[in-house]
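Trainee: After the sequence you'll find the predicted model.
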Amino acid sequence: MKHPFQYLGAFNPPSTVVILGLTVAIFLAAYRLLLARKRDIAPLPPGPPSEPLLGHYRVVPEDAAFKRYAEWAKEYKSDVLFFQTFGTKWIVLNSLSAATELLEKRGCSYADRPRFVMFEEMGWSPTLTWLRWGPKYQLHRKVLQPPFTKSRVSQYIVLQRREAFICCRGMIDNPGDWLNAVRRFSVAIVLKIAYGLEVDGPESPWIQLAEDTANAIGKSGAPASSIMDRFPATRHLPDWLPFMERLRYARTWRPAIENLTKLPFEATLKARILDPATDNHSFVHTRMGIWNNNAIKGLANDFDMEDIKGAAATIVIAGNDTTTATLMLLVLYLMQNPDAQRKAQEEVDRVVGHDKLPTWDDIPNLPYTNLVLHETYRMNPLSPLGIPHASIADDMYNGMFIPKGTIVYPNVWAMCHDETVYRDPFRFWPERYLSKGQGGNGEPLPVGNFGFGRRYATRNELMPDHQNANSKRSICIGRNLAENSLLIVLATMLATVDIDWPLGADGKPAPFEPEWSFRGQAIVVPFKASISSRSAKSKALLDAEVQALEGGPK
Ligand code: HEM
């Protein structure tokens, strides 16, 4: 007769738990010994007390951890906090000065990423965002960065303006589903750039695919913070165990990530097979052209098909939901702050006039509109704890020891809500950045929403003579593209739509408190808004532009 546990197959609870427990205990003992030696020299940064064996695993909340970290920073009077679980160590940088000093000035020591075990479980291909520092990372960055430099992104402005018009017309035509128009805008741009694929209507399957991926990423928890990231062996445990919710989540959403990596790539390959001469100048076509040419000439290809697939998916994944989430915030803040909306509309009317819609030449002349965008970044950084870096070498900061291999989270949310920098930090007030003479408070534009550091740099570039990091701060390769998209669609929205609270049962505007999700990304949950055309004239201009562009360059 079989022992009852044999029926459980590969998982044998008593022996697995004992082995896991022993491994953890031995690992922790060795780790403590090692740290104790270093601590003879200097203390670790402070942090809240940990629990035996589990360390800080249960101490740090999964929901809105960034807020708790900001409270601890005040409680322990330290902008750098230290945590550890199962031998994984992490620090949280709660001030701009700490993030600038460590991630930018000393970027060489913090250019790595942790291993994202949970994201591996979710089925990601080699993706720049998650790659650890090293030759593979540098190759991906070298290939992905050039199309998105400030000067090269101008190649996409016709596409972005066209999609901005389609977005605003979609919002007006179907105000009850304004979010679909916003989603279409974001995905159409990155899908075209990455694969040359078109989103040909509000029902396009690409919109659903992008939404599924955004859902998968948006609620997956702060990157590298799951039990699998802290203790990789747990990824092999069955996901029905009570503390393995994140493993269950990863496996549930795996198809979404796999589909986004696979389906547009396969569609592009199919297009190339049907018409081998086809070249729509998209990222995939360009890279495949290079790959084929090398293969024909008998030259080695260092960037293989899996790399092309992963890099193209990076463009869509990194560029889609970030743009959608920012646009949702813009709609929310304009709805909540009618004075700011009116002021921005007046600026657009004054600069653009009423006989055309905003053009790229108008954008630099819309300073208040620009500040609306910056204030939106500050109010709610989408990645409140950034995307973590990891230290490559032992380091000292303000007399505190930071061991090699420590994961580093910049608490961008804490920096953006630091009341010593921003007066009344929870108030949406774009004027705060203007000088006192202009009616503002002379506060600095928010920093860090697009990341910190110089992860892309070579070691030589990071040596002391390159210490002025500001001029090179560009960790997110898509920032120029994203800002162009956001500015042209915001200016077009201001020119063509009015955003108000939805009407209640009594026919009057009914303000409400929106819901937020703070598991991983900080995102506002889809909400209702009343969207209407600003005037018959602006609607006619929009219709005419969309018609003209539909027949024009795509
Ligand atoms: C509002 C829009 C966006 C926001 C807020 C945003 C934010 C970020 C942040 C916080 C990081 C982490 C930087 C770090 O390591 O410290 C990042 C990295 C990255 N972003 Fe963006 N991003 C946006 C749009 C885009 C777009 C449109 C693209 C696509 C072209 C893109 C591609 C990337 C890539 C590839 C990385 C990884 C860079 C690396 O690790 O070297 N992002 N972004």
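Mentor: Arrived safely, thanks for sending.
Trainee: Can you give the distance from the host helix or strand of residue 159 to the centre of its chain?
Mentor: Using DSSP states H and E, residue 159 sits within helix 157-173. Distance of helix 157-173 from the chain centroid (CA atoms, centre = their mean, to the nearest Å) equals 23 Å.
Trainee: Any buried residues in it, and which?
Mentor: 157, 159-173 (16 or more other CB atoms under 10 Å). For glycine as for every other residue, the C-beta is placed from the backbone atoms N, C-alpha and C.
Trainee: same question, stretch 133-140
Mentor: Across stretch 133-140, burial judged by 16+ other CB under 10 Å covers 133, 137, 139, 140.
Trainee: ditto for stretch 73-84
Mentor: 73, 76, 78, 79, 80, 81, 82, 83, 84.
Trainee: Quick check on the nearest residue to the last one once chain neighbours are set aside: phi, psi?
Mentor: Residue nearest to residue 84 in three dimensions, not counting chain neighbours: residue 55, with 4.8 Å by CB to CB, 6 or more residues apart in numbering. For residue 55, the backbone dihedrals are phi 60, psi -130 (criterion: degrees, to the nearest 10).
Trainee: same thing with residue 401?
Mentor: The phi/psi pair for residue 401 (degrees, to the nearest 10) is phi -90, psi 130.
Trainee: re earlier: pretty sure the residue nearest to residue 84 contacts residue 86?
Mentor: Yes - using CB atoms under 8 Å, residue 55 makes contact with residue 86 at a distance of 6.6 Å.
Trainee: which residues does the closest residue to the ligand within the stretch 251-400 of the chain contact?
Mentor: Distances between the stretch 251-400 of the chain and the ligand by CB to the nearest ligand atom are smallest at residue 319, namely 2.9 Å. With contact set as CB atoms under 8 Å, 6 or more residues apart in numbering, residue 319 has these partners: 186, 189, 190, 193, 478, 481, 482.
Trainee: Report the secondary structure element holding the last one.
Mentor: Mapping residue 482 onto the secondary structure by DSSP H and E places it in helix 479-496.
Trainee: So which elements touch that helix?
Mentor: helix 157-173, helix 178-195, helix 305-336, helix 338-352, helix 367-379, helix 536-551 (3 or more CB pairs under 8 Å, 6 or more residues apart in numbering; DSSP states H and E).
Trainee: now the ones you listed as TSV including mean pLDDT?
Mentor: Listed next are these as TSV, based on pLDDT from 0 to 100:
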stretch	mean pLDDT
helix 157-173	96
helix 178-195	96
helix 305-336	94
helix 338-352	98
helix 367-379	97
helix 536-551	88
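Trainee: highest average neighbour count across those?
Mentor: helix 178-195 (a mean of 25; mean count of other CB atoms under 10 Å).
Trainee: show me the residues around the residue nearest to residue 84 that make contact.
Mentor: With CB under 8 Å, 6+ apart, residue 55 has these contacts: 83, 84, 85, 86.
Trainee: What residues are bridge-paired with it?
Mentor: Beta-bridge pairing for residue 55 (DSSP bridges): residue 51.
Trainee: Which pLDDT value goes with it?
Mentor: Note on residue 55: pLDDT of 93.
Trainee: tell me how far the ends of stretch 413-425 are from each other?
Mentor: End-to-end distance for stretch 413-425: 11 Å, by CA to CA, to the nearest Å.
Trainee: one step back: just give me the closest of the buried residues of stretch 133-140 to the ligand.
Mentor: residue 137 (7.2 Å).
Trainee: Now residue 309. Nearest residue, chain neighbours left out?
Mentor: Closest to residue 309 by CB to CB, 6+ apart is residue 265, at 4.9 Å.
Trainee: Great, nothing more from me.
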